[in-house]
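*Asks:* sequence and predicted model, in that order:
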Amino acid sequence: MEDTIAGISTAVGNAGLAVIRMSGGKAFEIADMVFRGREKVVSQKSHTLQYGRIVTDDGEIVDEVLLTKMAAPRTYTREDVVEISCHGGYYVTGSILNLLIEKGARPAEPGEFTKRAFLNGRIDLSQAEAVMDVIQARTSKSSRAALSQLEGKLSSELNAIIDGLTNTLAHIEVDLDYPEYDHEELSMKQVEDEAKKAMSHLDRLIESFHYGKILREGMDVVIIGRPNTGKSSLLNYLTRKNRAIVTDIPGTTRDVIEETVNIGGIPIKLTDTAGVRETEDPVESIGVARSLEALKKADLVLLLLDATDWQGEEDKRLSELVKAHQEHFITVFNKMDLVKDESTVQEIMKQNPDAVLVSIKAETGLDVLEKRLIDFALGNKMDLDNQVLVTNARHEQQLRLACGALESALEAIRSGMTLDIVALELKTALEHLGRITGQTADEEIINAIFSRFCIGK
Amino acid sequence: MTDMEAFIGGEYDVIVVGAGHAGCEAALASARLGMKTAVFSLNLDSIANMPCNPNIGGTAKGQLVREIDALGGQMGLSADATFIQSRILNRAKGPAIYSLRAQIDRRAYQQHMKHVLETQENLDVKQAEVTEILTEGKKVRGIRVLTGTVYLAKAVILTTGTYLKGRIIIGNTSYNSGPDGLFPANRLSDSLKALGIELMRFKTGTPARVNRRSIDFSKMEEQPGDPVITPFSFMHDEIKRDQVSCYLVHTNQETHRIIRENLHRSPLYGGEIKGVGPRYCPSIEDKIVRFADRESHQVFIEPMGLNTEEMYVQGMSTSMPEDVQIKMLRTLPGLENVSIMRPAYAIEYDCINPTQLKLSLEFKEIDGLFSAGQINGSSGYEEAAAQGIIAGINAALKLKGKEPLILDRSQAYIGVLIDDLVTKGTAEPYRMMTSRAEYRLWLRQDNADMRLTPIGREIGLVSDDRYERFLRKKEAIEAEMKRLKETVINPGEAVNRFLAEHGSAGLKTGIRLYDLLKRPEIEYEHLKALGYGAELSREVMEQVTISIKYEGYLNKQMQQIELFKRMEERRLPENIDYDSIKGLSTEARQKLGKLRPESLGQASRISGVSPSDISVLLVYLESLKREKEKNKGEHPQ
């Protein structure tokens, strides 16, 4: 029997409601592991709806939902289907999906629901041609997307890894196929070094898929700036305007304040640091150290400057400090309402073309700032639709599998396995990477590409 | 057919054109499957000739020989009967690539094979030049030979090797010739062209043969055979035989200088040779030019047989003129006074584009015409023989009205070889390599019988004798696996001391022999030394050990094979009109239409056919299936 798949079938965004769909032989069983309603899903009548809660193993309530049960074969996929209507937003939908996956569902690949619908005979024969057209259209669209992605850093790094491993493997293959040829044979040490090098690259890449992480765990944003530039006002504004999920004000220090707010459906942890400046005060120096730590670990830094006073020594130092420790930051000029002089505005914009100009007091420019935060969380300017989300998950999975195969190669070397086994593992790693760049054509990748339909359709 | 008044020399089920390594296996397989068969050779004294290196086996090639043998073929048996040195290569690098290679007494091998052909029931051996393939419509009817005599046949297998319009080149001299100074086949190419078959021109070469008495072996490194001989054939237990040695020397700066100074006289660089040569087997001038930073290259001096002083100079293949040849050979230590008996030469020949074949090795467009061996663009005796046996089997199966035998890439190197040739084609003479096989850990030389003998049995090529042997071995393996899983070895001073001596951790509790043998440092011999061994044949011991030590990896490979099989099992109907499938890319449509793959798996290996094209085909197949079911529903019988 086919495995059970789950996916968010409504558009991702901060809509009020979302639907999560699960299809396959274990759909009801898995639903019962996370859903608490009046009766068990297994015994619920087919094609009915019941109210209940999605609850974690620890008893934490994730959301109040409506659950629809549809038993095979009168369903979209002709398999057992469960649909969960929940509140919208990344946090809630992501949490529920993760729970289902934890309990045994597999993330649906793009278009997998439709593919099952077709292969199970749900979609009429007359539509087969349309299905084929869509595959080709989707593929060319996705290959365009892949191409632009391929031009990026990710892909050039991936290709470098593939080249390195391919060269190593090729050398091993020569050693194996031409045992009498008097070339220098590759030592196990060299293979080990190459595998380790590739693994560290892959680890970095896996980590670089932080969008997924942000959606699951939220984004860390640190606000930094001289005293009186409006840090706490900004924090207060964002907290007031957006629903705070958890309020967490540690009293142990006087200088780091955290708030987690939901902006555009993304959980964002805001940290207000104490003024970062050199000081003799021992308490404040701890604060500075903590602030620096927060600055380094943040996903994004908001550097807050006073538009009426932004060219002083201290601001320059602060700006250098941020640049030295953080790749991702947004410069925010506050108190724009106090700047009456058009030439000052011109000067600010000239020197800081990427800056966001706001007045917290007059509440201007803040919508732009929120949008920048969301854009950053969602991978900059990329329009995050379902497809990208799942593609990323697939990429990440392949990267992890490649890493796993390399680990197995190292393990084989350590335990004294023969060269043919080491070669086997390296080849497996390459196959996984090839599935990202689209160079292998086994059934798995075919499934993946086949399914370039929209998820949950 | 044009003239029915021609003298009909005979009427056969199957005719094989050429009696090299492909032709011998094809003819024997066909005759052994009960087909009335004739095999034609330009010269009966050149049956199963080895016009190049006097050895059989090596990496990947050794596996091919074992597979041919497991199916009930001849090469392994004849090699075992006539080898003069035997070695296992790659022993330290893992069981997937252990490869057996033997130096063969060339003449003895030929005589042995010729006699096997002569004594084979249902088989006629004939000397004649085949000049024409006779067809009726798109169906083969027989052949015509140079004298005009016609032989009728229901199937014809082309195994012409390098003879088709063969042309030998030595320096600025070139002449029409087959290999080893034999006549070429100058006329058949035109007949093939007239049948619409696309021909290509390939090139290969061979080094000089020199007289043993002119060599000073004291300056060379001796390479003796293995002390314990491993036979090729599953029919043979250990073979005891005196072996002769090979010798290793290296080229030096002086050799390279002579070659460089005379490069302009090499037809390869002078533009004389137009055929495509193999990258993996370069001539010495190629090596010097392409790997200019190498200070020396290996040269092996190998005996051609016991009753000859001819020695083969492996590594010095060239098409340089004779005076350069002798000069460069004489720079090698021990060859200062060498006497050349046969000069090195390059040879060009016609071969077919193998993508014109089905996986059964039958031409897609000509019913009953098969082709195997070097004519299909491959290189090597073993590759030729492997195709030969399949072509012979399939010609016979076709006449019996049965489905062809198609070994897939997960079953045999033979499958990899044929699939590569037929699906992807080749731009140079194709040599088998272990790295071409995706499932190398499974396609081992030790288990070729487990993989293929039941198949050979079902076809009818495996004799009772062979099958009995196979069953006994299988039982012995199963019994030993069971014993190792059920027998526990307990800790003790002696046991732990023994283990420590062999770099293995001592036992704290009793463990199964099976688990002990899993340890990389423990060999089956150790179990014996501990008093826990059984009296097993070398083969059984080898396979049990490999199965246990590599169990995890083998299981993984089996899972991959399962995925692979799913794609192979999705058959593409022969009459698909790819132009009518809208979703396909233009390139895929053209390639699929031209190559007409037999399964979705084969289609996916065609360059230019993308995964999305495969998806489209998947959907197309599904709709075909449903259409069929629908029709069935509407017209109940």
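*Replies:* Ah, there it is.
*Asks:* what's the distance between the closest residue to chain A within the stretch 51-200 of chain B and B:K398?
*Replies:* Residue nearest to chain A within the stretch 51-200 of chain B (CB to the nearest CB): B:G94, separated by 3.0 Å. C-beta: built from backbone N, CA, C; applies to glycine. Distance of B:G94 to B:K398, given as CB to CB, to the nearest Å: 39 Å.
*Asks:* near the residue of the stretch 51-200 of chain B closest to chain A, how many other residues are there?
*Replies:* B:G94: 23 surrounding residues under other CB atoms under 10 Å in any protein chain shown.
*Asks:* I'd say B:R440 and A:K427 touch.
*Replies:* No - B:R440 is not in contact with A:K427 according to CB atoms under 8 Å; the separation is 9.2 Å.
*Asks:* so between these two, which is more surrounded?
*Replies:* B:R440 (25 against 21).
*Asks:* name the SS class of that one, please.
*Replies:* coil (DSSP: H, G, I helix; E, B strand; the rest coil).
*Asks:* grab the nearest non-local neighbour of it.
*Replies:* Excluding the flanking residues, the one nearest B:R440 by CB to CB, 6 or more residues apart in numbering or on different chains is B:A96, at 4.5 Å.
*Asks:* got a list of what that neighbour touches?
*Replies:* A:418, A:420-421, A:424, B:434, B:440-441, B:443-444 (CB atoms under 8 Å, 6 or more residues apart in numbering or on different chains).
*Asks:* pick out whichever of those residues sits closest to B:V495.
*Replies:* Set against B:V495, the nearest of the contacts of B:A96 by CB to CB is A:T418 (26.4 Å).
*Asks:* neighbours of that closest one, how many?
*Replies:* Residues near A:T418, counting by other CB under 10 Å: 22.
*Asks:* that one contacts B:P95, doesn't it?
*Replies:* Yes - using CB under 8 Å, A:T418 is in contact with B:P95, at 7.2 Å.
*Asks:* quick one: name the residues of the stretch 401-550 of chain B near chain A.
*Replies:* The stretch 401-550 of chain B has residues B:433-435, B:440-441, B:520-521, B:550 near chain A, with proximity defined as CB under 8 Å from any CB of the partner chain.
*Asks:* the helix or strand containing B:S612 - contacts with which helices or strands?
*Replies:* Assigned by DSSP states H and E, B:S612 falls within helix B:611-634. Applying 3 or more CB pairs under 8 Å, 6 or more residues apart in numbering or on different chains; DSSP states H and E, we find helix B:611-634 packed against helix A:112-119, helix A:128-150, helix A:443-450, helix B:600-604.
*Asks:* ranking those helices by mean pLDDT, which is last?
*Replies:* Lowest mean pLDDT within the helices and strands packed on helix B:611-634: helix A:443-450, a mean of 30.
*Asks:* is B:I548 in a helix, a strand, or coil?
*Replies:* Going by three-state DSSP: B:I548 is helix.
*Asks:* sec struct for the residue lying closest to it once chain neighbours are set aside, please.
*Replies:* Of all residues not flanking B:I548 in the chain, B:L517 sits nearest, at 5.0 Å (CB to CB, 6+ apart). Under three-state DSSP, B:L517 falls in the helix class.
*Asks:* show me chain B divided up by domain.
*Replies:* Domain assignment for chain B, taken from automatic domain parsing, gives B:8-205+B:349-438, B:209-346, B:477-557, B:570-634.
*Asks:* pipe these into JSON lines and attach distance to A:D272 per row.
*Replies:* Formatted as JSON lines, the domains of chain B follow (distance: least, CB to CB, whole Å):
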{"stretch": "domain B:8-205+B:349-438", "distance to A:D272": "57"}
{"stretch": "domain B:209-346", "distance to A:D272": "63"}
{"stretch": "domain B:477-557", "distance to A:D272": "52"}
{"stretch": "domain B:570-634", "distance to A:D272": "50"}
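*Asks:* what subset of the residues of the stretch 401-550 of chain B next to chain A is buried?
*Replies:* Neighbour-count burial (16 or more other CB atoms under 10 Å in any protein chain shown) applied to these gives B:433-435, B:440-441, B:550.
*Asks:* could I get those as CSV with pLDDT?
*Replies:* Shown next, in CSV, are those (pLDDT from 0 to 100):
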residue, pLDDT
B:M433, 85
B:T434, 85
B:S435, 82
B:R440, 90
B:L441, 92
B:Y550, 91
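*Asks:* tell me the two of these that are most distant?
*Replies:* By the measure CB to CB, B:M433 and B:Y550 form the most distant pair in those, at 20.8 Å.
*Asks:* where does B:L417 land in three-state SS?
*Replies:* Three-state assignment for B:L417 (three-state DSSP): helix.
*Asks:* ranges for the strands of the stretch 51-200 of chain B?
*Replies:* Taking DSSP state E, counting those that start in this stretch, the strands of the stretch 51-200 of chain B run over residues B:55-57, B:83-89, B:99-104, B:123-127, B:130-136, B:139-145, B:150-158, B:167-170, B:173-176, B:199-206.
*Asks:* need those strands in a markdown table with mean pLDDT, can you?
*Replies:* Below are those laid out as a markdown table (pLDDT from 0 to 100):
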| stretch | mean pLDDT |
| --- | --- |
| strand B:55-57 | 96 |
| strand B:83-89 | 94 |
| strand B:99-104 | 94 |
| strand B:123-127 | 98 |
| strand B:130-136 | 97 |
| strand B:139-145 | 97 |
| strand B:150-158 | 98 |
| strand B:167-170 | 93 |
| strand B:173-176 | 93 |
| strand B:199-206 | 92 |
